[in-house]
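Colleague: sequence? don't have it. structure:
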């Protein structure tokens, strides 16, 4: 999040600090104080700097100090100014937060308006349950604020597939702009567009699951398939793996949706985007293994030979 929005993180942080909300872990006040004191005294630290502090607990065998670090982060006492490789480095918030940042806590209505407008700017349209997704105890407030914003004309109500959604008036202006069929996006499974599975299925008819959590024998598409967005639709999923020592990207399975008929424009757009995707993954070679349906593999292979 940009620092200009920092103050809108405070309602949740204060709720966790006061005990009104809980984090994933059981609160250990002794450990919280110990960890906070060490960082205050020694400066920025990583979880591994607490190597010998306590016994690992729970299903994920998490160290008590790591739990305390995450709790202190979630309640606003610590921030993460940088990482060392993939390891978070924690420091006191007052040593990280830039001077001049607004730290006033928004009132409930201001907070709800922020959540609503930010969601709708990013997602185009939404319902109260979608806007309140993963935000504990906010749905009643968001529902009430949505009603108020509709009554003042700040929001519009639209029907899609027989369901009522809310949208910003400016968003509807985008409907008059044509979609560029040459543009295609390979999405993360955690992209805002697809993270809410029910919403994705209702709007796009795309039933998606990250199959890394599914036994291998039951996987249909692959370990970590990526949704593909093209021409305003979710049209495929692509399961990839990199072989970094060879700078080789494997497309282990490209599965098209049954609604896809003409593939020439789709594959041209995919070919264009794969060039950037290869660069992002530090690869310069690509190998296609499997497609569904199988009959489209030769057509796509011809294009991929020229990457």
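Modeller: Looks like it came in fine. If you're wondering where the values come from, they're calculated on a predicted model, not measured in any experiment.
Colleague: and the helix or strand containing residue 30, what does it pack against?
Modeller: Secondary structure assigned from DSSP states H and E places residue 30 in helix 29-42. For helix 29-42, the helices and strands in contact under the criterion 3 or more C-beta pairs under 8 Å, 6 or more residues apart in numbering; DSSP states H and E are helix 64-74, strand 87-92. Glycine gets a C-beta too; all of them are placed from N, C-alpha and C.
Colleague: any idea which of those scores lowest on pLDDT?
Modeller: Across the helices and strands packed on helix 29-42, the stretch with the lowest average pLDDT is helix 64-74; it has a mean of 93.
Colleague: quick one: the helices in the protein?
Modeller: Using DSSP state H, the helices assigned to the chain run over residues 10-18, 29-42, 64-74, 93-96, 108-123, 128-131, 139-151, 169-172, 197-204, 264-280, 297-304.
Colleague: ranking the helices and strands packed on helix 29-42 by burial, who's on top?
Modeller: The densest packing among the helices and strands packed on helix 29-42, expressed as mean neighbour count by mean count of other C-beta atoms under 10 Å, is seen in helix 64-74 with a mean of 23.
Colleague: what packs against that one?
Modeller: helix 10-18, helix 29-42, strand 78-84, strand 87-92.
Colleague: columns distance to residue 269 on top of these, output as TSV?
Modeller: Supplementary listing: the helices and strands packed on helix 64-74 in TSV, determined by distance: least, C-beta to C-beta, whole Å:
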stretch	distance to residue 269
helix 10-18	39
helix 29-42	48
strand 78-84	34
strand 87-92	37
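Colleague: just name the most buried of the helices of the chain.
Modeller: helix 64-74 (a mean of 23).
Colleague: and the angle for that helix with helix 10-18?
Modeller: Counting by axes from the mean of the first three to the mean of the last three C-alpha atoms, to 10 degrees, helix 64-74 lies at 140 degrees to helix 10-18.
Colleague: now distance to residue 239 too, for the helices and strands packed on helix 29-42, in a markdown table please.
Modeller: Below are the helices and strands packed on helix 29-42 laid out as a markdown table (distance: least, C-beta to C-beta, whole Å):
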| stretch | distance to residue 239 |
| --- | --- |
| helix 64-74 | 31 |
| strand 87-92 | 28 |
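Colleague: related to what we said a few turns ago, closest one to residue 120 among the helices and strands packed on helix 64-74?
Modeller: For the helices and strands packed on helix 64-74, the distance to residue 120 is smallest for helix 10-18, at 19.3 Å, taking C-beta to C-beta.
Colleague: poorly predicted segments of the stretch 51-200 of the chain, please.
Modeller: 52-62 (pLDDT under 70).
Colleague: one step back: closest to residue 162 out of the helices of the chain?
Modeller: Between residue 162 and these, the shortest separation by C-beta to C-beta is 9.8 Å, and it involves helix 197-204.
Colleague: ok and the closest one relative to helix 108-123, angle-wise?
Modeller: Helix 197-204 and helix 108-123 meet at an angle of 50 degrees, taking the same axes, to 10 degrees as the criterion.
Colleague: what lies in contact with helix 197-204?
Modeller: 126, 130, 160-161, 163, 193-194, 206-209, 233-234 (C-beta atoms under 8 Å, 6 or more residues apart in numbering).
Colleague: what of stretch 77-93?
Modeller: If you take C-beta under 8 Å, 6+ apart as the criterion, stretch 77-93 is touched by 17, 36, 39-40, 43-48, 69, 72-73, 76, 96-97.
Colleague: tell me the two of those that are most distant?
Modeller: 17 and 48 (25.5 Å).
Colleague: need the helices of the chain in CSV (columns: distance to residue 289).
Modeller: As requested, the helices of the chain are arranged in CSV below (distance: least, C-beta to C-beta, whole Å):
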stretch, distance to residue 289
helix 10-18, 44
helix 29-42, 47
helix 64-74, 38
helix 93-96, 45
helix 108-123, 34
helix 128-131, 36
helix 139-151, 44
helix 169-172, 40
helix 197-204, 26
helix 264-280, 14
helix 297-304, 9
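Colleague: just to revisit the earlier point, out of the helices and strands packed on helix 29-42, which gets nearest to residue 297?
Modeller: Between residue 297 and the helices and strands packed on helix 29-42, the tightest spacing by C-beta to C-beta is seen for strand 87-92, at 41.2 Å.
Colleague: tell me the bridge partners for residue 92.
Modeller: With DSSP bridges applied, the residues forming beta bridges to residue 92 are residue 78.
Colleague: ok, back up a step: of the contacts of helix 197-204, grab the buried ones for PyMOL.
Modeller: The following PyMOL command selects only the buried members of the contacts of helix 197-204, with burial defined by 16 or more other C-beta atoms under 10 Å:
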select buried, resi 126+130+193+194+206+208+233+234
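Colleague: one step back: quick one: which of the helices and strands packed on helix 29-42 is nearest residue 119?
Modeller: Checked against C-beta to C-beta, the stretch from the helices and strands packed on helix 29-42 lying closest is helix 64-74, at 20.9 Å.
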